[in-house]
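I'd like to go over a predicted model; first the sequence, then the structure.
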Amino acid sequence: MRRNRLGKSKVQVTELGFGGGPLGGLFAPLDDETAAGALEAAWDSGVRYFDTSPHYGIGHSERRTGGLLRGKPREEVTLSTKVGRLLVPQDPAGRMDESFMVPATHRRVWDFTRDGILRSMEDSLERMGVDRIDMLFLHDAEPSTNCCPPARTGGSRYSRHRSSTPGCSPRRDLPRVPPSITRPPRRGRWSARIASPMSATHTV
């Protein structure tokens, strides 16, 4: 399948990408076997761009996407996920999630602060079991929500990251964060050599 480069970045995506919303039980419950079959079918069809989010199934989509990628050549894949909602464990008490057809094992906490973004990236890396994220989007960060406090860090160092090139457009009212994340051998503070402006994306 043909690939296209995003703007002036080094990030390339296939003409068709795999959206991970349904992997989280969007509209209907989905078991692991069916999810794995859908991901494998996409791979066999030549799809190499996979998009997911912590919001999708309160982590189910990221976990299932990571299950596929851990068995594939990482250099062939472009992976994106999102920040803006932290997942906090809770007792489901027999309840289902309000947005996806999964048990309510976590609640979502809006957080577009610098620390919230970095924590969300770390959680996503752990959840997917991958060493980096190629593109990172702010999820549902419309200015009208007033949930995007200034979080610009310019070229300061945060941690645990190797910067690459952004695949999105700059927005002055949104935080500057690194677009590509790499985990070091052991836990530590975040640090980034380059911070790049991100754009908001509105997805379900």
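Received, thanks.

Spell out the residue ranges of the strands in the protein.
For the chain, applying DSSP state E gives strands covering 3-5, 12-14, 17-19, 49-51, 78-83, 85-89, 106-110, 132-133, 135-139, 176-177, 181-182, 196-197, 200-201.

Touching the fourth one from outside, list them.
Read that as strand 49-51. Here strand 49-51 makes contact (Cβ atoms under 8 Å, 6 or more residues apart in numbering) with 13-14, 16-20, 39, 42, 65, 68-69, 77-81. Where you see a C-beta, it was placed from the backbone N, CA and C, and this is true even at glycine.

Now with 6 Å, please.
Here strand 49-51 makes contact (Cβ atoms under 6 Å, 6 or more residues apart in numbering) with 13-14, 17-20, 65, 78-80.

Buried ones among the residues you listed?
13-14, 18-20, 65, 78-80 (16 or more other Cβ atoms under 10 Å).

Could you dump those into a markdown table with pLDDT added?
Formatted as a markdown table, the buried ones among the contacts of strand 49-51 follow (pLDDT from 0 to 100):
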| residue | pLDDT |
| --- | --- |
| Val13 | 97 |
| Thr14 | 97 |
| Phe18 | 98 |
| Gly19 | 97 |
| Gly20 | 98 |
| Thr65 | 98 |
| Thr78 | 97 |
| Leu79 | 98 |
| Ser80 | 98 |
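
Going by distance to Arg5, which of those wins?
Nearest to Arg5 among the buried ones among the contacts of strand 49-51: Val13, at 8.3 Å, using Cβ to Cβ.

Count residues in the vicinity of the residue nearest to the closest one when sequence neighbours are not counted, would you?
Counting by Cβ to Cβ, 6 or more residues apart in numbering, the nearest residue to Val13 once its immediate chain neighbours are dropped is Tyr49, at 4.0 Å. Tyr49 has 23 neighbours, counted by other Cβ atoms under 10 Å.

Tell me what Tyr49 is bridged to.
Gly17, Thr78 (DSSP bridges).

need the helices for this protein, in chain order.
32-44, 60-69, 114-128 (DSSP state H).

can you pull the buried residues of the first one?
The reference is to helix 32-44. Quick answer for helix 32-44 (16+ other Cβ under 10 Å): 35, 38-39, 42-43.

do the same with the shortest one
Applying a neighbour-count criterion of 16+ other Cβ under 10 Å, the buried positions in helix 60-69 are 60-69.

Which other helices and strands does that helix contact?
With contacts taken as 3 or more Cβ pairs under 6 Å, 6 or more residues apart in numbering; DSSP states H and E, helix 60-69 sits against helix 114-128.

orientation of the helix it packs on relative to helix 60-69 in degrees?
Angle, helix 114-128 to helix 60-69, by axes from the mean of the first three to the mean of the last three Cα atoms, to 10 degrees: 50 degrees.

Which elements pack onto helix 114-128?
Secondary-structure packing of helix 114-128 (3+ Cβ pairs under 6 Å, 6+ apart): helix 60-69, strand 78-83.
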